[in-house]
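Chemist: fold the following and give me the result.
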Amino acid sequence: MTDDELRGMLSPFRTRAVEQGYPWEDIDPLPAEEVDRWIGHVRPCAVLTVGGEGLVAGRFGGPLLLPAEVPDPEHPYLASVDFAALPKDATDLPLPPDGRLLLFASLDETDGDGNCGQAIYVPVGTPVEERDKNTWNGYPGDDYDQKIVDSYPQGELRARTEPDLPYHSLPGFPHADELVTVWCDTSDRRGHLQIGGYADQEDSDPDPLEIVASRAVRQANRGRWGGDEPVSGAVEDWVLLAHWNPNISDREGADVQWGIQRADLEARRFDRTFSTVYWNP
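Modeler: Here you go, the predicted structure:
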């Protein structure tokens, strides 16, 4: 999808921002020049939802199918995405043309700084076997965590390409907070899984991807993540691989981000994906 097509899809946002503002938050109409510069930061993303429009490109839940040599995941299984089934040019990421991406996520931060999920890439043609989905590292006898995991969504995911705009402040934009508010209201996404685009969470200032990068560096310095390979703390070296807005009972308002260094993504090093979860109970 071209930039012009993406910008065209943002006409409802531009109209709202320039002509109406957001009266519910006492936001007056915003300067057209600033709105247009904000729109210049548009990125494509693949939005996957249960039901709705688009071709089936994955699913929430289902059997956990992994190569025999892959260790049991440390986090609960969430979803699989078929790269070949995503709309053409659905993201600006250097994704593989095919194969499946399996995403795993815990909705509780262990020590407020740890890796809260993982991603596993299974190339086309790789032999797989079904695994027990309940081998993740929960707290023994903790029925509450198991209840949360049991409420993870299930069902086929349909993908569509949508434009995405920042959810955090950018230099040179005096009305960045207002632009983010109008964008969140206009995009109206809930309960979705997203590939590419911008990281989003309730408290999005600074860029949530900066939090991913800084935590990955701290964990690497402690020898808990990343092996012996370098980990960059510069946010420009990272991209958002995936985002999930759970929208499930007892975790309303939570957001999960999977970030990866661009160099690792280009090298298909999905094992070096770092995940954070934000939840404001």
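
Chemist: and the longest helix for the chain?
Modeler: In the chain, assigned by DSSP state H, the helix with the most residues is helix 208-221.

Chemist: state the next helix or strand along the chain beyond that helix.
Modeler: Downstream of helix 208-221, the next assigned helix or strand under DSSP states H and E is strand 238-244.

Chemist: the helix or strand just after that following strand - contacts with which helices or strands?
Modeler: Using DSSP H and E, the helix or strand that directly follows strand 238-244 along the chain is strand 255-261. On a contact count with 3 or more C-beta pairs under 8 Å, 6 or more residues apart in numbering; DSSP states H and E, strand 255-261 meets strand 100-105, strand 117-122, helix 208-221, strand 238-244, strand 274-278. The C-beta positions use only the backbone N, C-alpha and C, and glycine is treated the same way.

Chemist: again, only this time at 6 Å
Modeler: Strand 255-261 is packed against helix 208-221, strand 238-244, strand 274-278, with contacts defined by 3 or more C-beta pairs under 6 Å, 6 or more residues apart in numbering; DSSP states H and E.

Chemist: picking up where we left off before, and the longest helix of the chain, C-alpha only, in PDB?
Modeler: Taking Å, rounded to 0.1, in the frame of the first residue of the first chain, the C-alpha atoms of helix 208-221 are listed here in PDB:
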ATOM      1  CA  PRO A 208       7.000   2.300  24.600                       C
ATOM      2  CA  LEU A 209       9.700   1.000  22.300                       C
ATOM      3  CA  GLU A 210      12.200   2.900  24.300                       C
ATOM      4  CA  ILE A 211      11.100   1.000  27.300                       C
ATOM      5  CA  VAL A 212      11.500  -2.300  25.400                       C
ATOM      6  CA  ALA A 213      15.100  -1.300  24.400                       C
ATOM      7  CA  SER A 214      16.100  -0.100  27.900                       C
ATOM      8  CA  ARG A 215      14.800  -3.200  29.600                       C
ATOM      9  CA  ALA A 216      16.500  -5.500  27.100                       C
ATOM     10  CA  VAL A 217      19.800  -3.800  27.700                       C
ATOM     11  CA  ARG A 218      19.400  -4.100  31.500                       C
ATOM     12  CA  GLN A 219      18.500  -7.800  31.300                       C
ATOM     13  CA  ALA A 220      21.400  -8.400  28.900                       C
ATOM     14  CA  ASN A 221      23.800  -6.600  31.300                       C
END
